[in-house]
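Asks: Got a predicted structure here, sequence first:
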Amino acid sequence: MNRIDAKDRLILALDLPGVEEARRMVESLDGVVHFFKVGLALQLAPGVEAFIQSLIARQKQVFLDYKYYDVPETLRKAVRRAAGIGVSFLTIHGPASLIEAAVEGRGASSLKLFTVTVLTSMDAGDMAEMGYTRHSVEELVLFRARKALEAGCDGVIASGREAETIKAVAAGRLLVVTPGIRPEGYPQDDQKRRVNAADAIAAGADYLVVGRPIAGAPDPRRAAAAFLDDMQTAFDRLAPDR
């Protein structure tokens, strides 16, 4: 079995004020990080589409985290456009009819589709406030993971706390992308279901999304390298199983 390279599995969240700040971050990490998440923080920033295209032209991978959620025909068109510009990963949300429309929209492209389960900034209290009172967070995550698999999704976005169970329920047929990654001792923030990199990978996470602990560090390049070291060690431990 080929060795997993942590550089292929670390995704940096470019949740920055604008495109120029994002561009500078990408340049500062050249040769260390080559997979970048563009999400809602940059969605309406001037020049963001050209920025995404420039990343792809430079052989960088782009995770478009726009959490598409709309009527099937609109979703189909939006996904088709993302696939056409060469985005690698895309997040969607909704019932089976929407997921199936997204699968149709990506066609024969290499775009991978991921359904959002429960945001890592949410806990049981948040779920109750939204009206989900009959199921625990884990039960809701697993329900959505099953539906994603049935509808043809490639994977799900989920906390490392649920990664192991998702892998078991899906018999390894779903990729798990895990945000909310925080190193030990990192200050408390809005990530309520946070885990560290090693624990997330040990639980079954295939890709880790890291934002503030790298982008907000005094030396982002050094911070990214530290994450990659921890990830590589964790992947190497699991080599026979992956």
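Replies: Perfect, I can see it now.

Asks: just checking, next helix/strand downstream of the helix or strand encompassing residue 64?
Replies: Element membership for residue 64, per DSSP states H and E: strand 61-68. From strand 61-68 onward toward the C-terminus, using DSSP H and E, the following helix or strand is helix 72-85.

Asks: what's the helix or strand for the residue most central in space within the chain?
Replies: Closest residue to the average C-alpha location of the chain: residue 177 at 4.5 Å, with Cα atoms, centre = their mean. Counting by DSSP H and E, the element that carries residue 177 is strand 175-178.

Asks: In terms of secondary structure, what does that strand contact?
Replies: strand 112-116, strand 155-157, helix 160-169, strand 207-210 (3 or more Cβ pairs under 8 Å, 6 or more residues apart in numbering; DSSP states H and E). Glycine gets a C-beta too; all of them are placed from N, C-alpha and C.

Asks: Can you say which of these is packed in most?
Replies: Counting by mean count of other Cβ atoms under 10 Å, strand 155-157 has the highest mean neighbour count of these, with a mean of 27.

Asks: May I have the strands that pair with it, each with its orientation?
Replies: Pairing partners of strand 155-157, with direction, according to DSSP bridges: strand 112-116 (parallel), strand 175-178 (parallel).

Asks: In a markdown table, list the ones you listed along with mean pLDDT.
Replies: A markdown table is the format used below for the strands paired with strand 155-157 (pLDDT from 0 to 100):
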| stretch | mean pLDDT |
| --- | --- |
| strand 112-116 | 94 |
| strand 175-178 | 96 |
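
Asks: Can I get these in CSV including distance to residue 27?
Replies: Listed next are these as CSV, based on distance: least, Cβ to Cβ, whole Å:
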stretch, distance to residue 27
strand 112-116, 26
strand 175-178, 25
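
Asks: Against residue 185, how distant is the residue nearest to the centre of the chain?
Replies: Here residue 177 is placed at a distance of 24 Å from residue 185 (Cβ to Cβ, to the nearest Å).

Asks: per-residue confidence at residue 169?
Replies: Confidence per residue is given as pLDDT, and for residue 169 that number is 89.

Asks: What of residue 127?
Replies: The score at residue 127 is 56. That number is its pLDDT.

Asks: Ranking helices and strands of this structure by mean pLDDT, which lands last?
Replies: Comparing every helix and strand of the chain by mean pLDDT, DSSP states H and E singles out helix 124-129 as the least confident one, with a mean of 59.
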